[in-house]
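Engineer: starting from these lines, generate the structure:
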Amino acid sequence: MRYGSVCSGIEAATVAWRPLGWECAFVAETEPFASAVLKERLPEVPNLGDFTKITEGRYEGEIDLLVGGTPCQSFSNGGAKGGIADPRGNLALEFARLAERTHVRWLVWENVPAVLAINGGRDFAAILSEFAGWDVPVPAGGWRNAGIATNAPGRLGVSWRVLDARYTRVPSFPGAVPQRRRRVVLVGFRGNWESAAEALLGGELCGGSAPPRREARIRDALRAGEDAAPDCFPIDMMNLERRRAGIRAKCYDEAGAAMYTLRAGHVNAVCTPTQLRRLLPGESETLMGLPLGWTDVPWKGKAHAPDGFRHRACGNSMCVNVMRWVGERIAAVEAGKEFGDYGSVKDRADNGEPSPVAQEGGG
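Structural biologist: Next up is the predicted model:
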């Protein structure tokens with residue numbers, strides 16, 4: 001699979017998909033520090049900058065898949081909520097238009113769950129319409145956490161699903177990552193919706209018991225995915241670094257279930273038996289599933305980047321375990337496989353009928 005990545009950030013998709021043997025044809029990132037990380041870690045991959053300037057025909061027929069996590073600030077509950085009227089939110093529509101200009105077979109798009117509800121669900125309907133090639137209406141009751149949209153002839157059928165990184169397990173991340181991070185993941189396939197639905201929804205939403213959940217405990221960020229369980233104590237954020245007020249912080253909670261969602265604009269902290277301290281940059285990296293030191297790159301003439309830049313880049317990234325899960329599922333569908341309960345894989349019965357998929361929500 002050869003893919004192009006836009007709004008690439010620090011390229012969690014490539015970290016996730018390299019072990020699958022997939023090749024990144026290009027990245028497209030404009031933020032200076034993230035671009036410096038891409039230059040250091042993926043020197044062989046061209047950075048095209050503003051992806052809206054990728055013209056028709058430039059990569060048509062040269063990539064199989066387009067991936068991107070367009071800016072979430074206009075959709076986020078903590079943002080301005082401008083939706084697709086905001087230039088940042090409009091990049092979701094530009095992403096869909098690029099998928100048409102490159103005529104990819106597959107696409108993967110990621111954003112915050114609030115995109116489902118903003119503007120009464122009409123913004124998500126507009127995004128689906130741009131992918132599917134017809135005017136997708138908002139269903140009665142609004143968009144749910146999983147669903148499908150069928151496609152017009154030759155366009156992209158899509159499925160979407162809200163995934164939480166702390167429950168998304170693959171063999172390379174058997175314990176997932178200890179971070180509460182819910183994101184909408186949308187998968188599209190050109191010409192039919194069944195393949196997109198099978199990749200994202202097949203098997204795991206079909207009956208059976210609920211998937212396993214974490215026990216109420218905290219895990220050491222630097223040992224993400226391992227069975228570590230240090231103590232957790234109630235905390236007073238007023239005391240973080242001896243500041244008395246105005247701390248915007250996210251921290252491990254008293255129940256110790258998982259880390260709160262890493263966000264670029266927040267201080268993130270850890271409570272240990274002896275101290276309350278900020279997260280280390282390496283902890284932010286491993287909470288996202290990135291290799292330790294991935295964002296430790298030269299910056300403005302210095303050998304190492306400041307911690308704040310590294311934390312911010314991680315907070316804006318995708319979780320590697322989630323992208324690995326999505327990649328493995330797409331690869332299985334490409335290989336003609338279908339899914340049983342909770343991800344078991346088998347050869348598709350060649351009877352000319354599409355495999356059954358779980359469907360929930362409008363579309």
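
Engineer: and the helices in the stretch 51-200 of the chain, which stretches?
Structural biologist: 87-102, 122-132, 194-201 (DSSP state H, counting those that start in this stretch).

Engineer: swap that for the stretch 251-363 of the chain, sorry
Structural biologist: Counting by DSSP H, counting those that start in this stretch, the helices of the stretch 251-363 of the chain are 281-287, 307-315, 320-334.

Engineer: hmm, who's touching the last one?
Structural biologist: Taking contacts as Cβ atoms under 8 Å, 6 or more residues apart in numbering, the residues outside helix 320-334 that touch it are 1, 12-13, 15-17, 19-20, 22, 65, 67, 106, 108, 110, 163, 165, 168-170, 172-173, 176-177, 183, 185, 187, 195, 198-200, 202, 225, 288-290, 339, 345. C-betas here are computed from N, CA, C, even on glycine.

Engineer: strands - which of those residues land there?
Structural biologist: Judged by DSSP state E, those include 65, 67, 106, 108, 110, 163, 183, 185, 187, 339, 345 as members of strands.

Engineer: please identify the most buried of the helices of the stretch 51-200 of the chain.
Structural biologist: Ranked by mean neighbour count, these are led by helix 194-201 with a mean of 26 (mean count of other Cβ atoms under 10 Å).

Engineer: tell me the angle that one makes with helix 320-334.
Structural biologist: Counting by axes from the mean of the first three to the mean of the last three Cα atoms, to 10 degrees, helix 194-201 lies at 140 degrees to helix 320-334.

Engineer: quick one: list the elements packing against helix 194-201.
Structural biologist: On a contact count with 3 or more Cβ pairs under 8 Å, 6 or more residues apart in numbering; DSSP states H and E, helix 194-201 meets strand 146-149, strand 156-164, strand 182-190, helix 320-334.

Engineer: how about CSV for these, with mean pLDDT and distance to residue 137 added?
Structural biologist: Shown next, in CSV, are the helices and strands packed on helix 194-201 (pLDDT from 0 to 100; distance: least, Cβ to Cβ, whole Å):
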stretch, mean pLDDT, distance to residue 137
strand 146-149, 95, 10
strand 156-164, 96, 15
strand 182-190, 96, 18
helix 320-334, 96, 27
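
Engineer: any chance of those in CSV, with mean neighbour count and distance to residue 313 too?
Structural biologist: Below are these laid out as CSV (neighbours: other Cβ atoms under 10 Å; distance: least, Cβ to Cβ, whole Å):
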stretch, mean neighbour count, distance to residue 313
strand 146-149, 24, 29
strand 156-164, 24, 21
strand 182-190, 23, 17
helix 320-334, 23, 14
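
Engineer: measure stretch 118-127 end to end?
Structural biologist: 12 Å (Cα to Cα, to the nearest Å).

Engineer: quick one: contacts of stretch 40-48?
Structural biologist: The set of residues external to stretch 40-48 that reach it, using Cβ under 8 Å, 6+ apart, is 8, 10-11, 14, 24-29, 35, 38-39, 54, 294, 297-298.

Engineer: inside helices: which ones of the residues you listed?
Structural biologist: Counted as lying in helices by DSSP state H, out of those, are 14, 35, 38-39.

Engineer: in ChimeraX, how would I select the buried members of the residues you listed?
Structural biologist: Per 16 or more other Cβ atoms under 10 Å, the buried members of these correspond to this ChimeraX selection:
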select :14,35,38
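
Engineer: one step back: among the contacts of helix 320-334, name the buried ones.
Structural biologist: Neighbour counting over the contacts of helix 320-334 (16+ other Cβ under 10 Å) leaves 1, 12-13, 15-17, 22, 65, 67, 106, 108, 110, 163, 165, 168-170, 173, 176-177, 183, 185, 187, 195, 198-200, 202, 225, 288-290, 339, 345 as the buried ones.

Engineer: follow-up on the earlier one: ok, which pair from the ones in helices among the contacts of stretch 40-48 is furthest apart?
Structural biologist: Maximum pairwise distance among these (Cβ to Cβ): 14.3 Å, between 14 and 35.

Engineer: what's the distance between residue 35 and residue 28?
Structural biologist: According to Cβ to Cβ, to the nearest Å, residue 35 stands 10 Å off from residue 28.

Engineer: also residue 140?
Structural biologist: Residue 140 is 38 Å from residue 28, where distance means Cβ to Cβ.

Engineer: neighbour count for those two, which is higher?
Structural biologist: Legend: neighbour count by other Cβ atoms under 10 Å for residue 140 and residue 28, higher for residue 28 (22 against 6).

Engineer: and the more buried one, what does it touch?
Structural biologist: Contact analysis of residue 28 by Cβ under 8 Å, 6+ apart lists 4-8, 47-51, 54.

Engineer: again with residue 58
Structural biologist: Residues in contact with residue 58 (Cβ under 8 Å, 6+ apart) are 101-102.

Engineer: rerun at 10 Å
Structural biologist: Contact analysis of residue 58 by Cβ atoms under 10 Å, 6 or more residues apart in numbering lists 4, 26, 48, 101-102.

Engineer: may I see those residues organised as JSON lines, with pLDDT and distance to residue 120 added?
Structural biologist: Listed next are the contacts of residue 58 as JSON lines, based on pLDDT from 0 to 100; distance: Cβ to Cβ, whole Å:
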{"residue": "4", "pLDDT": "97", "distance to residue 120": "32"}
{"residue": "26", "pLDDT": "97", "distance to residue 120": "36"}
{"residue": "48", "pLDDT": "96", "distance to residue 120": "35"}
{"residue": "101", "pLDDT": "94", "distance to residue 120": "30"}
{"residue": "102", "pLDDT": "94", "distance to residue 120": "31"}
